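Peer 1: Output the structure for:
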Amino acid sequence: MTCLSELTCAVYVDGELSPAEALAAERHLAECALCLALVAALRGENRVLSDSLADLALSAAPTPMPDRAGAVTNGRRARRRWLVLTALAGAGGLAGLAGALAPRSTGDWIGLGVEGVLFVAMNVATLERALATLAIATMAGLSLVGGLYLGRAPARALAGLLLALGTIAGAVSPSPASALETRSGRDVVIGAGESLDGSLFAAAESVRVEGTVHGDLIVAAAHVDVRGTVHGDLVVAARAVEVSGTIEGSVYVAAGSLALRGRVGGGLYAADRGTVIEPGARVGGDLALAGRSVSLRGEVGRGAAILAHEAEVSGHVGRDVRFRGDRLAVVPPARVEGRIRADVIRASAVTVDGGATVTGPVLTRVVSGAAGWYGEPRRWFWAATSFFGAALLGWAGLLLAPMLAVESADRVRSWGRSLGRGVVTLVAGPVLILLLAVTLVGLPLALVLLGLYLLALYSAKIVVSFALGRALIRPRGNPRRDALRALAVGLAIVTLATALPVVGGPIWVVVACLGVGALAGQLAPAAGAVRSSRA
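Peer 2: Got it, this is the predicted structure:
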């Protein structure tokens with residue numbers, strides 16, 4: 001007879017086991033004096049803890065009342081809700097502070113969204129860095145929430161302080177606003193002598209701007225011709241775009257073709273089939289272009305990032321040129337005040353003529369997905385995503401089926417038996433699924449088994465990680481938090497081990513076999529009991 005784990009007894013005392021699990025635990029307690037004594041001790045510990053918290057006034061929840069099973073539930077659940085609210089409050093406070101401290105300028109409400117989407121989509125290297133940053137931000141955010149859940153009074157006080165500061169900052173910080181005028185029809189024309197004080201949104205077949213717009217210009221049209229002055233940003237979705245005037249802000253374009261003959265004070269970000277920057281045209285900020293063909297004959301104040309089938313650079317670029325595509329030609333009188341970094345399918349696809357000037361080195365990389373992929377940020381991004389996904393699923397498993405999680409982790413200790421069961425299950429599973437799938441009657445069962453097979457394969461890492469964490473982490477007296485700590489530590493070790501070059505693959509195979517074998521060993525007796533009860 002296998003005794004109940006400490007975690008299972010604690011969840012039983014809290015009255016949060018499912019009816020079937022509670023019934024099984026009560027049957028075991030009726031026969032096992034050792035487990036019954038542990039349950040009595042946990043009940044006494046809950047009473048002492050709740051009385052101490054009430055005396056010290058650390059919680060605003062009402063004094064917990066024991067239910068008919070002797071479990072203190074009201075106070076613990078109230079404290080748990082308070083912790084969740086505190087975590088959300090801390091996140092809200094941080095968001096409020098970030099919003100208050102962020103620099104504000106005209107057009108930021110457009111630029112933050114459009115610039116981020118277009119620039120990341122057009123620059124693969126930036127995408128990789130953004131994914132790595134997102135992984136770090138996700139880890140930091142979830143670590144904050146986990147720290148608030150696992151922490152004590154100082155962490156809660158810090159979250160309350162952040163909430164107060166964020167609320168005050170959000171209340172007192174100014175929110176810039178400008179008037180937005182809307183025009184539509186077949187043809188929209190802003191005459192040479194016309195001046196608009198605010199921003200303009202125009203939707204028409206043709207839009208021509210010869211006057212002055214003191215705010216942002218947002219256009220959706222078939223043909224757009226800007227000959228005047230826009231003091232804010234230009235945001236365009238059109239079939240053809242021509243800019244021969246002055247844009248003091250940045251330009252964001254999604255179009256069939258783009259021709260720039262004027263001046264842009266900020267950056268130019270465009271996704272279209274063909275882009276031409278004529279001689280005399282100037283972009284004061286960065287240039288990011290995605291399309292089939294790019295011709296850069298004008299001037300770019302900062303760097304240029306180009307994702308295109310072919311590109312020709314004959315103008316002036318103030319910083320580096322980053323290219324990814326099939327062919328890049330740098331021809332006279334081009335001048336690049338930095339280096340050229342090109343990702344191409346062959347080294348000869350990058351040509352720099354003798355009359356062109358490049359102050360930095362020309363770095364050409366032949367794109368190959370086979371070399372060095374362990375060092376790429378995308379590898380670690382997916383490793384971080386896998387870690388937090390498995391952590392959330394494992395936490396849900398500990399809450400919904402604690403007996404299954406704990407007893408499966410206990411079976412991992414018999415590693416030889418679990419490894420053998422895992423190998424047999426992983427090999428025999430697909431064979432059985434294929435045999436069932438060839439018959440029309442067995443197809444639904446095959447689909448169900450396929451889902452269970454994939455779920456078991458994914459859960460194997462969670463089971464092994466939980467077992468490893470329990471072996472390394474010493475309990476601190478709170479079964480639930482001890483289980484979460486063990487899961488997090490074990491998952492971190494397993495995730496890093498499986499991400500290592502060369503040995504990561506074999507480690508993953510061993511982990512999968514151990515976890516699947518432990519799950520199979522735990523579920524097999526339950527399935528046999530169900531069959532015998534039906535018989």
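Peer 1: make it CA atoms for all contacts and neighbour counts henceforth
Peer 2: OK.
Peer 1: Could you give the backbone dihedrals for Ser195?
Peer 2: Ser195 adopts backbone torsions of phi -140, psi 130, taken as degrees, to the nearest 10.
Peer 1: Which residue, other than its chain neighbours, is closest to it?
Peer 2: Setting aside the residues directly before and after it, Ser195 is nearest to Thr212 in space (Cα to Cα, 6 or more residues apart in numbering), at 4.7 Å.
Peer 1: helix, strand or coil for the residue lying closest to Leu404 once chain neighbours are set aside?
Peer 2: Closest residue to Leu404 apart from its sequence neighbours, by Cα to Cα, 6+ apart: Gln522 at 7.4 Å. Using DSSP: H, G, I helix; E, B strand; the rest coil, the structure places Gln522 in helix.
Peer 1: surely Gln522 meets Ser408?
Peer 2: Yes: here Gln522 lies in contact with Ser408, judged by Cα atoms under 8 Å, at a distance of 5.8 Å.
Peer 1: the more surrounded of those two?
Peer 2: More crowded of Gln522 and Ser408, by other Cα atoms under 10 Å: Ser408, with 26 against 18.
Peer 1: close enough to count as contact, the more buried one and Leu519?
Peer 2: Yes: contact criterion Cα under 8 Å: Ser408 and Leu519 qualify, at 5.6 Å.
Peer 1: To what extent is the residue nearest to Ser195 buried, counted in neighbours?
Peer 2: Using other Cα under 10 Å, Thr212 has 21 other residues around it.
Peer 1: partners of it in the sheet?
Peer 2: Thr212 has these beta-bridge partners by DSSP bridges: Ser195, Thr229.
Peer 1: where does the residue nearest to Leu404 land on pLDDT?
Peer 2: pLDDT, Gln522: 80.
Peer 1: cool, Leu29 as well?
Peer 2: pLDDT, Leu29: 82.
Peer 1: Work out for me the element it sits within.
Peer 2: Under the criterion of DSSP states H and E, Leu29 resides in helix 19-31.
Peer 1: Can you report how many residues lie near Leu454?
Peer 2: 11.
Peer 1: quick one, phi/psi of it?
Peer 2: According to degrees, to the nearest 10, Leu454 has phi -70, psi -40.
Peer 1: Distance of it relative to Gly420?
Peer 2: For Leu454, the distance to Gly420 (Cα to Cα, to the nearest Å) stands at 19 Å.
Peer 1: So which bits of the helix or strand encompassing Val189 are buried?
Peer 2: Assigned by DSSP H and E, Val189 belongs to strand 180-190. By neighbour count on 16 or more other Cα atoms under 10 Å, the buried set for strand 180-190 is 184, 188-190.
Peer 1: got it, and stretch 410-417?
Peer 2: Going by neighbour count (16+ other Cα under 10 Å), the buried part of stretch 410-417 is 410-413, 415.
Peer 1: Strand partners (parallel or antiparallel) of the strand holding Val189?
Peer 2: Counting by DSSP bridges, the strands paired with strand 180-190 are strand 199-209 (parallel).
Peer 1: who's in contact with the strand it pairs with?
Peer 2: By Cα atoms under 8 Å, 6 or more residues apart in numbering, the list of residues contacting strand 199-209 from outside reads 178-192, 213-228.
Peer 1: Flag the shaky bits of the chain, pLDDT-wise.
Peer 2: For the chain, the stretches flagged by pLDDT under 70 are 1, 16, 45-179, 368-381, 439-441, 525-535.
Peer 1: Give the helix, strand or coil label for Ile218.
Peer 2: Classified using three-state DSSP, Ile218 is strand.
Peer 1: check contacts around it.
Peer 2: Counting by Cα under 8 Å, 6+ apart, Ile218 makes contact with 199-202, 234-236.
Peer 1: ok, so of those, who is nearest Arg481?
Peer 2: Set against Arg481, the nearest of these by Cα to Cα is Val235 (50.4 Å).
Peer 1: who's in contact with the closest one?
Peer 2: Neighbour list for Val235: 216-219, 251-253 [criterion: Cα under 8 Å, 6+ apart].
Peer 1: partners of the strand or helix carrying Val294, with directions?
Peer 2: According to DSSP H and E, Val294 maps onto strand 287-296. With DSSP bridges as the test, strand 287-296 is paired with strand 268-271 (parallel), strand 274-277 (parallel), strand 304-313 (parallel).
Peer 1: What separation do you get for Pro333 and Arg297?
Peer 2: Pro333 is 9 Å from Arg297, by Cα to Cα.
Peer 1: Overlap in contacts, these two.
Peer 2: Residues touching both Pro333 and Arg297 by Cα under 8 Å, 6+ apart: 314-315.
Peer 1: more neighbours, the two?
Peer 2: Neighbours per residue (other Cα under 10 Å) separate Pro333 from Arg297, with Arg297 holding more: 23 against 15.
Peer 1: If you drop the residues flanking it in sequence, what lies closest to the more buried one?
Peer 2: Gly315 (4.1 Å).
Peer 1: and the one you found, how many neighbours?
Peer 2: 25.
Peer 1: Got phi/psi on it?
Peer 2: phi -100, psi -150.
Peer 1: which residues does Gly318 contact?
Peer 2: By Cα under 8 Å, 6+ apart, Gly318 lies in contact with 299-303, 336-338.
Peer 1: typo on my end, Ala329
Peer 2: 311-313, 350-353.
Peer 1: quick one: what helix or strand has it in it?
Peer 2: strand 321-330.
Peer 1: Same question for Ile462.
Peer 2: Assigned by DSSP H and E, Ile462 belongs to helix 443-472.
Peer 1: do the same with Pro332
Peer 2: Counting by DSSP H and E, Pro332 is part of no helix or strand.
Peer 1: okay, now it: neighbour count?
Peer 2: Around Pro332 there are 16 other residues, counting by other Cα under 10 Å.
Peer 1: isn't it right up against Ser314?
Peer 2: Yes: using Cα under 8 Å, Pro332 is in contact with Ser314, at 5.6 Å.
Peer 1: give me the number of residues near Trp214?
Peer 2: Just to correct that, residue 214 is His rather than Trp. Neighbour count for His214, taken as other Cα under 10 Å: 19.
Peer 1: For it, give me its contacts.
Peer 2: Taking Cα under 8 Å, 6+ apart, we find His214 in contact with 195-199, 230-232.
Peer 1: and which of those is nearest to Asp343?
Peer 2: Lowest distance from Asp343 to these (Cα to Cα) belongs to Gly232, with 34.2 Å.
Peer 1: quick one: the closest one and Gly249 touch, right?
Peer 2: Yes: under the criterion of Cα under 8 Å, Gly232 makes contact with Gly249 at 4.8 Å.
Peer 1: quick one on the thing from earlier: save the buried residues of strand 180-190 as a markdown table, and put in distance to Ala259 too.
Peer 2: Output for those, formatted as a markdown table (distance: Cα to Cα, whole Å):
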| residue | distance to Ala259 |
| --- | --- |
| Ser184 | 24 |
| Val188 | 20 |
| Val189 | 19 |
| Ile190 | 20 |
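Peer 1: Go through these and name the one nearest Gly389.
Peer 2: The closest of the buried residues of strand 180-190 to Gly389 turns out to be Ser184 (Cα to Cα; 47.1 Å).
Peer 1: Leaving out the residues flanking it, which one is nearest to the closest one?
Peer 2: Of all residues not flanking Ser184 in the chain, Ala203 sits nearest, at 4.8 Å (Cα to Cα, 6+ apart).
Peer 1: how many neighbours does that neighbour have?
Peer 2: Per other Cα under 10 Å, the neighbour tally for Ala203 reads 20.
Peer 1: For it, which residues count as its bridge partners?
Peer 2: With DSSP bridges as the rule, Ala203 is bridged to Ser184, Ala220.
Peer 1: And the residue nearest to Ser195, how close does it get to Gly249?
Peer 2: According to Cα to Cα, Thr212 stands 13 Å off from Gly249.
Peer 1: Need the overlap of contacts for the two.
Peer 2: With Cα under 8 Å, 6+ apart, Thr212 and Gly249 have common neighbours 230-231.
Peer 1: With just CA atoms, put stretch 270-282 into PDB.
Peer 2: Taking Å, rounded to 0.1, in the frame of the first residue of the first chain, the C-alpha atoms of stretch 270-282 are listed here in PDB:
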ATOM      1  CA  ALA A 270       7.800  51.100 -46.400                       C
ATOM      2  CA  ALA A 271       6.600  47.800 -47.600                       C
ATOM      3  CA  ASP A 272       5.800  47.700 -51.400                       C
ATOM      4  CA  ARG A 273       6.800  46.100 -54.700                       C
ATOM      5  CA  GLY A 274       9.000  48.900 -55.900                       C
ATOM      6  CA  THR A 275      10.700  51.900 -54.100                       C
ATOM      7  CA  VAL A 276      12.600  54.700 -55.800                       C
ATOM      8  CA  ILE A 277      14.300  57.400 -53.800                       C
ATOM      9  CA  GLU A 278      15.200  60.000 -56.400                       C
ATOM     10  CA  PRO A 279      18.400  62.200 -56.400                       C
ATOM     11  CA  GLY A 280      17.800  65.200 -54.200                       C
ATOM     12  CA  ALA A 281      15.400  63.400 -51.900                       C
ATOM     13  CA  ARG A 282      16.400  63.100 -48.300                       C
END
